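**Q** I would like to see how this sequence folds:
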Amino acid sequence: MTWLDGIASGLSISRRTLLFGVLLPVVSLFIVAATIVAAPPAEHSTIVLATLVAVAAGLATASVGVYGGVMVPGLLLLGVDVRFAAAVTLFLQPLVVPLAASSHYRMGNFSRGVARPLLIGGVVGGFIGPFFAALLAKDVIARFVAVLIIIVGLIVLATHRLRGLGRSRPADDVPTRRVAGIGLTAGFSSGISGAGWGPLGVTLLILARIDAKQAIGSSLFVRAFMAMAAVVGFLTAQTAFHNVDPNWWIVFPLLAGSIAPMIPGVLLVSRLGRKRATVVITLLSILLALPTLIWAH
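**A** Predicted coordinates for the structure are as follows:
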């Protein structure tokens, strides 16, 4: 097993992490292949493309904390119903995000002072978002998602150079009400569309002078609880599922594709640097959202 130790040492990770990073893609590939075998031929191309979207979303989650901002516009491009795309993205987050959040927690990128008010606001916003989604037409929601992602993406691109400048707040100087408001705003965005928590919440936290690493790690920790609240909101607001055209064949491939690149995502951000990785993923989100904004369905 010495050759494994050599590879792990070269990547600056443990042998266990290396094995885990290899095992996840293999298991994920098996799940996708089994789904393709069981699915009707007409669904094969959608399953493959949806898996690729999920891989990109999982990579973005592990590196810079963005999931729905890649997943939702990608699914909309494949013709997936916008309400189903939002619901399945929120449903998958409690299963996918803890894998990324745990690595940030182990590295100390977590603040209880930030997480507590963010959790309260995020859970409330995530729960009420689906009730508003139930009142809007599908094309309106699709364009709302696209506009939101593009605006937030432009904010990220405009402010990412400022993240390393100035002084972050001391750990004991957290603006509790402001952070709770950020959680409410980002949670509502995710609840209504499935996207926005990562780029919107993290960017606003950083603009509030919360340390960037603490903002990303704390928001990832809270995201799973926000997503669970949003799922409960969707189930409660039953009208959110009226006239929805679900594609159940893509659910397991989306989960498999999302978890496959968890370890590579952490390695990506260590190699590229968080700023460069953020720019790449933000541009990808914008490019995926533009067609939906123009040709919403």
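
**Q** mind exporting stretch 223-243 as CSV, just the C-alpha atoms?
**A** Taking C-alpha atoms only, stretch 223-243 is exported to CSV below (Å, rounded to 0.1, in the frame of the first residue of the first chain):
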residue,chain,number,x,y,z
ARG,A,223,-27.6,25.1,4.3
ALA,A,224,-28.8,21.5,5.1
PHE,A,225,-31.2,22.7,7.8
MET,A,226,-32.5,25.5,5.5
ALA,A,227,-33.0,23.0,2.7
MET,A,228,-35.0,20.6,5.0
ALA,A,229,-37.2,23.5,6.0
ALA,A,230,-37.8,24.4,2.4
VAL,A,231,-38.7,20.8,1.6
VAL,A,232,-41.3,20.8,4.4
GLY,A,233,-42.6,24.1,2.9
PHE,A,234,-42.9,22.4,-0.5
LEU,A,235,-44.8,19.5,1.0
THR,A,236,-47.0,21.8,3.0
ALA,A,237,-47.8,24.1,0.1
GLN,A,238,-49.3,21.3,-2.0
THR,A,239,-50.3,23.8,-4.7
ALA,A,240,-46.6,24.1,-5.5
PHE,A,241,-46.8,20.7,-7.2
HIS,A,242,-49.9,21.4,-9.3
ASN,A,243,-49.2,21.0,-13.0
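
**Q** Could you list the buried residues of that stretch?
**A** 223-231, 233-234, 237, 240-241 (16 or more other C-beta atoms under 10 Å). Quick note: C-beta positions are derived from backbone N, CA and C, even for glycine.

**Q** go on, stretch 79-89?
**A** Those would be Val80, Asp81, Val82, Arg83, Phe84, Ala85, Ala86, Ala87, Val88, Thr89, for stretch 79-89 by 16+ other C-beta under 10 Å.

**Q** all helices of the stretch 51-200 of the chain, in order?
**A** 68-77, 82-106, 112-133, 138-159, 176-193 (DSSP state H, counting those that start in this stretch).

**Q** among these, which is the most enclosed?
**A** helix 68-77 (a mean of 29; mean count of other C-beta atoms under 10 Å).

**Q** Report the rounded mean pLDDT for that one.
**A** Average pLDDT, helix 68-77: 86.

**Q** the inter-axis angle of that helix versus helix 82-106?
**A** Using axes from the mean of the first three to the mean of the last three C-alpha atoms, to 10 degrees, the direction of helix 68-77 lies 150 degrees away from that of helix 82-106.

**Q** got the angle between helix 68-77 and helix 138-159?
**A** On the basis of the same axes, to 10 degrees, helix 68-77 is oriented at 140 degrees to helix 138-159.

**Q** hmm, back to that, so which of the helices of the stretch 51-200 of the chain comes closest to Pro40?
**A** The closest of these to Pro40 is helix 82-106. By C-beta to C-beta, the value is 17.9 Å.

**Q** right, and the helices of the stretch 51-200 of the chain - which one's nearest Leu255?
**A** Closest among the helices of the stretch 51-200 of the chain, using C-beta to C-beta: helix 82-106, at 5.7 Å.

**Q** Could you work out the most separated pair of the buried residues of stretch 79-89?
**A** Longest span within the buried residues of stretch 79-89, C-beta to C-beta: Asp81 and Thr89, 12.1 Å.

**Q** is it true that Val202 touches Ser219?
**A** Yes. Under the criterion of C-beta atoms under 8 Å, Val202 makes contact with Ser219 at 5.3 Å.
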